[in-house]
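[1] Below are the sequence and a predicted model; questions follow.
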Amino acid sequence: MDKNAKIYIAGHRGMVGSALYRKFKREGFHNIITFTSKELDLRDQSDVRDMMSKEKPDYVLLAAAKVGGIHANNTYRAEFLYDNLMIQSNLINACHKGAVKKLLFLGSSCIYPKMAPQPIKEEYLLTDTLEPTNEPYAIAKIAGIKLCDAFRDQYGCNFISAMPTNLYGPNDNYDLQNSHVLPALIRKFHEAKKNNTPEVIMWGTGSPLREFLHVDDLADACYFLMENYNEPGPINVGSGVEISIKELAETIKKTVGYTGKIVNDTDKPDGTPRKLMDVSKIQNMGWKHTIGLEDGIVSVYKDLQDKNWY
């Protein structure tokens, strides 16, 4: 990519989009365009078409999405399906109409079957049923992958799809009802320490195994893929390292400096029992994560302690 190329980052104020913005700035790109959701409603086809016609970006990174944890996914099922279908369909189609040189569509590891063999290879897509709690979001993301591939097959568009594992980092969501497990635990332990609360409630049994990736590592991987990857279908992006939710909670408890007890709320769902990505494809291409989980949590919490969590 030429450093003078016009780059459109959709969703630049979210955790992933802001990391992409920082990465491309560091790499010397100075012609980056962004829009807030108030300035541009990506669910509105005419708004998207008009923006693309006016701005004519060379490259597009589609990080805009309606996202959330188990509770949010399971509660707002219609919005998670509809909003994400509209956002990605409008923008992917507009990229085709506007002859964009390359599009990167960002999905999620939840596209894979609930009981997929571990570690999860890209070819396991659509081989079994999905995790029910986040099925609407997963279906939308699968549709995005297939839409990218359809435009590639029919029109020769260079549209690629990256599937990150569970992410954390700057600009994460710390709302206890809608956040993912890692930021939710950070906030719970932080507030328990601050308020001298004797115990912290952890959803589920703590036994599920999860993989986590710092969002700056994801941004680095996305840049790598924009430079080096031009194939159909999803490509996994992760650390290849898994940890139980219980171990994650203990790690965060130690980082925060909380000394109380952890109590399990087994009435809350665990979700998928294990979810480890097979990242051999991207690693064989020459990319590997650099931020370890414990170091990543320490750096995130250091930046958060004095900020407004709401």
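    Here it is on my side, so go on. Numbers count the residues shown, from 1 in each chain.

[2] Isn't Phe151 up against Phe159?
    Yes - with contact defined as C-beta atoms under 8 Å, Phe151 reaches Phe159; the gap is 5.6 Å. Any C-beta I mention is one placed from the backbone N, CA and C, and that applies to glycine too.

[3] Pick out whichever of those two has more residues nearby.
    Phe159 (26 against 18; other C-beta atoms under 10 Å).

[4] Could you give the backbone dihedrals for that one?
    phi -110, psi 120 (degrees, to the nearest 10).

[5] Touching, it and Ile92? I think so.
    Yes - in this structure, Phe159 is within contact of Ile92 by C-beta under 8 Å, at 6.7 Å.

[6] hey, what's in contact with both of the two?
    Common neighbours of Phe159 and Ile92 (criterion: C-beta atoms under 8 Å, 6 or more residues apart in numbering): 103, 105, 148, 151.

[7] Show the model's pLDDT score for the closest residue to Lys3 other than its chain neighbours.
    The shortest distance from Lys3 to any non-neighbouring residue, by C-beta to C-beta, 6 or more residues apart in numbering, is to Gly28 (4.7 Å). Gly28 is assigned 97 on the pLDDT scale.

[8] Just give the number of residues close to Gly28.
    8.

[9] Which helix or strand contains it?
    Per DSSP states H and E, Gly28 falls between elements, in no helix or strand.

[10] contacting residues for Ala136?
    Let me fix one detail, which is that residue 136 is Pro and not Ala. Taking C-beta under 8 Å, 6+ apart, one finds 73, 77-78, 80-81 in contact with Pro136.

[11] of these, buried ones?
    73, 77, 80-81 (16 or more other C-beta atoms under 10 Å).

[12] on that earlier part again, can you pick out the most distant pair from the contacts of Pro136?
    Maximum pairwise distance in the contacts of Pro136, criterion C-beta to C-beta, is 11.4 Å, between Asn73 and Ala78.

[13] Flag the shaky bits of the stretch 201-310 of the chain, pLDDT-wise.
    When residues are selected by pLDDT under 70, those of the stretch 201-310 of the chain lie in 308-310.

[14] circling back to that earlier point, for Phe151 and Phe159, list the residues in contact with both.
    Counting by C-beta under 8 Å, 6+ apart, the shared contacts of Phe151 and Phe159 are Ile92.

[15] how about the strands of the stretch 201-310 of the chain, start to end?
    With strands called from DSSP state E, counting those that start in this stretch, the stretch 201-310 of the chain shows them at 209-214, 234-237, 242-244, 261-265, 274-275.

[16] Distance from the chain centre to the second one, please.
    When you say that, I think you mean strand 234-237. Relative to its parent chain, strand 234-237 has a centroid offset of 12 Å by C-alpha atoms, centre = their mean, to the nearest Å.

[17] What is it packed up against?
    Contacting strand 234-237 under the criterion 3 or more C-beta pairs under 8 Å, 6 or more residues apart in numbering; DSSP states H and E are the following elements: strand 159-164, helix 215-228, helix 280-285.
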